[in-house]
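Undergrad: Kindly return the folded structure for what I paste below:
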Amino acid sequence: MDNPVVQTLRRPRFLTVSMAREMGILLCLSVMFPFMVHLLPVPGDARLGPRLLPMFYAPLLAALWGRRETAVMLAVVAPWLNRAITGYPPTPGAVVLMIQLLVFVGAYRGLMARTGPRWFHAAPAFLAAMAVSGLVGAVDPRLIGGQPAAAWVISSVTLSLPGIGILVLVNWVALRCYPPGGDGGALA
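TA: Numbering: from 1, shown residues only. So this is what the prediction gives:
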């Protein structure tokens, strides 16, 4: 018989070495992609992050290739890790981004479970994330700079059209070059 004290001290099943390796790779990518995008020279005060959506690239790969737990943890940790390293996004933006990433990976995984992996799933998953973050912004407008939620969502989606295209492209290339495996699709 197993000792109940020993059973309670065992680590949770999802905390494995391969998951830690997977999480480490994805966290590095979640910092590297925005950093690389922000190194691009842009005229004036144009911000490329909201246009190109680099924070969504690693969660997209996590949702496609990784475990559900990894994708969720990445969605929660990535905005705060970027904030700790670079000072951006500001706290309200990090909260909204975390919500967006959580909905994004959830919607992406849901679409994948329903229809299998498809090249276009990143676009509806992103739009679902924007819709939910708009609802959150309607509840607490301080999170979206005090703007009306509908106007904020419309302007954000319009601004991010190039990024949505990049997400679809990354999705297509990932599926074409390295489709998710039959073993759960883990990166490790």
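
Undergrad: OK, contacts around residue 23?
TA: Residue 23 makes contact with 70, 73-74 under the criterion C-beta atoms under 8 Å, 6 or more residues apart in numbering. Every C-beta, even on glycine, is put in place using the N, C-alpha and C of the backbone.

Undergrad: List only those of these flagged as buried.
TA: Buried positions within these, assessed by neighbour count (16 or more other C-beta atoms under 10 Å), are 70, 73-74.

Undergrad: Please tabulate those residues in CSV and include distance to residue 161 as additional columns.
TA: Conversion of the buried ones among the contacts of residue 23 to CSV gives the following (distance: C-beta to C-beta, whole Å):
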residue, distance to residue 161
70, 28
73, 29
74, 24
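
Undergrad: min pLDDT across these, which one?
TA: Across the buried ones among the contacts of residue 23, the smallest pLDDT goes to residue 70, namely 89.

Undergrad: Distance from stretch 86-93 to the middle of the chain?
TA: How far stretch 86-93 lies from its chain's middle: 16 Å, per C-alpha atoms, centre = their mean, to the nearest Å.

Undergrad: so which of the buried ones among the contacts of residue 23 comes closest to residue 17?
TA: residue 70 (12.9 Å; C-beta to C-beta).

Undergrad: any idea which element the closest one lies in?
TA: Assigning secondary structure by DSSP states H and E places residue 70 in helix 68-86.

Undergrad: try residue 36
TA: Of the helices and strands defined by DSSP H and E, residue 36 is found in helix 17-39.

Undergrad: Could you do residue 101 as well?
TA: If you go by DSSP H and E, residue 101 is part of helix 91-115.

Undergrad: Counting by contacts, list what that helix packs against.
TA: Contacting helix 91-115 under the criterion 3 or more C-beta pairs under 8 Å, 6 or more residues apart in numbering; DSSP states H and E are the following elements: helix 57-65, helix 68-86, helix 122-139.

Undergrad: Recalculate using a threshold of 10 Å.
TA: Under the contact definition 3 or more C-beta pairs under 10 Å, 6 or more residues apart in numbering; DSSP states H and E, helix 91-115 sits against helix 49-52, helix 57-65, helix 68-86, helix 122-139, helix 149-159, helix 161-177.

Undergrad: Residue 41: which of these is closest?
TA: The closest of the helices and strands packed on helix 91-115 to residue 41 is helix 49-52. By C-beta to C-beta, the value is 13.7 Å.

Undergrad: how close does residue 136 get to residue 97?
TA: Between residue 136 and residue 97 the distance, using C-beta to C-beta, to the nearest Å, works out to 11 Å.

Undergrad: neighbour-wise, which of the two wins?
TA: Between residue 136 and residue 97, counted using other C-beta atoms under 10 Å, residue 97 has the larger neighbour count: 23 against 18.

Undergrad: Perfect, that will be all.
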